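A.B. asks: my questions are about this predicted structure, shown below with the sequence.
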Amino acid sequence: MNSENAVASSKTKIKGDSESTATEQNKKKRRKRSANFDKTWICKKCPEVFSTCRLLKIHRKSHLKNDPVEVHTYKYDAIQDIYVCSTCSAEFPDEEEAKDHIKSRHEKEYKCKECGKSFKTPYEMGCHLAVHDADGNSKCPLCSYKTPKRGALLIHINYVHLRKFSYFCETCGKGFNDQLIYKEHANEHLGLRPFTCVVCEKSFTYSRYLYTHQVRAHRVQIDGQLLPNQCPYCNRKYSKPETLEKHLLETHFKTTPHEKKHLCVTCGKGFAQRSKLVMHERVHTGYKPYACKYCEKCFTKKDYLVMHERVHSGEKPFSCEYCGKCFNQGAPLRIHLRIHTGEKPYACPICLMRFSSRGALNLHKNCIAFNSIPF
């Protein structure tokens, strides 16, 4: 009897424990549901707000339906007896010439070099190219951009090549598809920096700049261990794993040089990116859009302006992790760190002496050239 009572009591105890765990799980589920009820989902293309993610997804389809489809056609001008293209206003005496003009100039077909299939839009062509790619990536037919996500390809084509935007700045005309970035862009024209770092009190124009700054500059690191998204070769820190991967491929694992297809019309120098060509052309035109707020100096690049203004403000954001010495630029800090690490990457080709900086190596070469005693 005692054994039966013990078994019965153990069963009731197990049952009670299971019921208590079930009630705890139900409480957690209720908490999650109540937390989700407080959350809101905002549409990036319009100011509407939704209580659930499902309603937001249904709403997004309305934007896709409302996207204007550009139709290329022509019309007949009875007074002048000519056919006029509705897109570019080109004039033709014959209707067949107008049709040929629209097909060749405005209704361009994208043909696949692998299988010969034709597509009317670059997005359809890019999605098709994923069939021929080894990694299954969709490729932009207008440039070298690749992505595993079709949505990212559509955004890239609309933003970079077709210049389709949901919002436009009334001051400078710049286009945006993200409502938050569009609103924060007004801070540039007003000269405002409302996003301030709580650690070093540095202020920023955009909220994403503040997040990137805090991730790179103020994350706590244990000696001998790498932070998430930190390069193991040069210890640079990044806020996203995609940016770290791009840095590794372009800096440390680069096998072939980038094609320099953007050429300067003045000196013929080539660049892999159009933005680099635009900055280079300022050398010839003398255009310096970035002015110092402390003195009258102007600069061709924003990076040059930021480094120059640190001379006036005394800001030195780059500090040595060994001795605490601070620098206003990253390059002097990297050279200084070699004092502690003992790294000497620059070797003299004549006497094989090694130096921690290129400037010290050049000074050593000059001493040899003038028959001086090398240090």
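C.D. replies: Here it is on my side, so go on. Everything numeric here is computed off the predicted structure, so don't read it as measured data.

A.B. asks: count of residues packed around the residue lying closest to W41 once chain neighbours are set aside?
C.D. replies: Leaving aside its chain neighbours, W41 sits nearest to L56 (4.1 Å; criterion: Cβ to Cβ, 6 or more residues apart in numbering). Heads up, the C-betas are built off the backbone N, CA and C, glycines and all. L56 has 17 neighbours, counted by other Cβ atoms under 10 Å.

A.B. asks: one more: the one 4 residues further on?
C.D. replies: Around R60 there are 13 other residues, counting by other Cβ under 10 Å.

A.B. asks: just use 462 as the starting number from now, easier for me
C.D. replies: Got it, the first residue is 462 from now on, which makes the last one we talked about R521.

A.B. asks: so it sits against I503, correct?
C.D. replies: No - contact between R521 and I503 fails when scored by Cβ atoms under 8 Å: they sit 11.7 Å apart.

A.B. asks: show me what contacts E552?
C.D. replies: E552 makes contact with Q541, I543, Y544, V545, C546, according to Cβ atoms under 8 Å, 6 or more residues apart in numbering.

A.B. asks: recalculate using a threshold of 10 Å.
C.D. replies: By Cβ atoms under 10 Å, 6 or more residues apart in numbering, E552 lies in contact with Y535, D538, Q541, I543, Y544, V545, C546, E558, A559, H562.

A.B. asks: beta-bridge partners for the spatially closest residue to the third one that is not a sequence neighbour, please?
C.D. replies: For Q541, the nearest residue in space outside its immediate sequence neighbours is E552; the separation is 7.9 Å by Cβ to Cβ, 6+ apart. With DSSP bridges applied, the residues forming beta bridges to E552 are V545.

A.B. asks: quick one, phi psi at the closest residue to Y748 other than its chain neighbours?
C.D. replies: Excluding the flanking residues, the one nearest Y748 by Cβ to Cβ, 6+ apart is T761, at 7.2 Å. Main-chain torsions, T761, degrees, to the nearest 10: phi -80, psi -20.

A.B. asks: what of R743?
C.D. replies: According to degrees, to the nearest 10, R743 has phi -70, psi -20.

A.B. asks: separation between it and G634?
C.D. replies: Remark: distance between R743 and G634 (Cβ to Cβ, to the nearest Å) = 21 Å.

A.B. asks: could you list which of the contacts of E552 belong to strands?
C.D. replies: Applying DSSP state E to the contacts of E552, the entries found in strands are Y535, D538, I543, Y544, V545, C546.

A.B. asks: a markdown table please, covering these and showing distance to K610 and pLDDT.
C.D. replies: Shown next, in a markdown table, are the ones in strands among the contacts of E552 (distance: Cβ to Cβ, whole Å; pLDDT from 0 to 100):
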| residue | distance to K610 | pLDDT |
| --- | --- | --- |
| Y535 | 38 | 79 |
| D538 | 46 | 78 |
| I543 | 47 | 83 |
| Y544 | 43 | 84 |
| V545 | 41 | 81 |
| C546 | 36 | 78 |
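
A.B. asks: helices of the stretch 662-811 of the chain, residue ranges please.
C.D. replies: Per DSSP state H, counting those that start in this stretch, the stretch 662-811 of the chain carries helices over the ranges 668-678, 702-708, 735-746, 763-774, 791-802.

A.B. asks: and of those, who's closest to K574?
C.D. replies: Of all these, it is helix 735-746 that lies closest to K574, at 24.3 Å by Cβ to Cβ.

A.B. asks: report the angle between that closest one and helix 763-774.
C.D. replies: Interaxial angle, helix 735-746 versus helix 763-774 (axes from the mean of the first three to the mean of the last three Cα atoms, to 10 degrees): 70 degrees.

A.B. asks: report the buried residues of helix 735-746.
C.D. replies: For helix 735-746, the neighbour count (16 or more other Cβ atoms under 10 Å) marks L738, M740, H741, E742 as buried.

A.B. asks: wait, doesn't the second one sit right on T746?
C.D. replies: Yep, that's M740 we're talking about. No - contact criterion Cβ atoms under 10 Å: M740 and T746 do not qualify, at 11.0 Å.

A.B. asks: find residues that contact each of the two.
C.D. replies: T761.

A.B. asks: show me the shaky parts of the stretch 512-661 of the chain.
C.D. replies: Along the stretch 512-661 of the chain, segments meeting pLDDT under 70 span 522, 524-532, 548-550, 565-568, 623-624.
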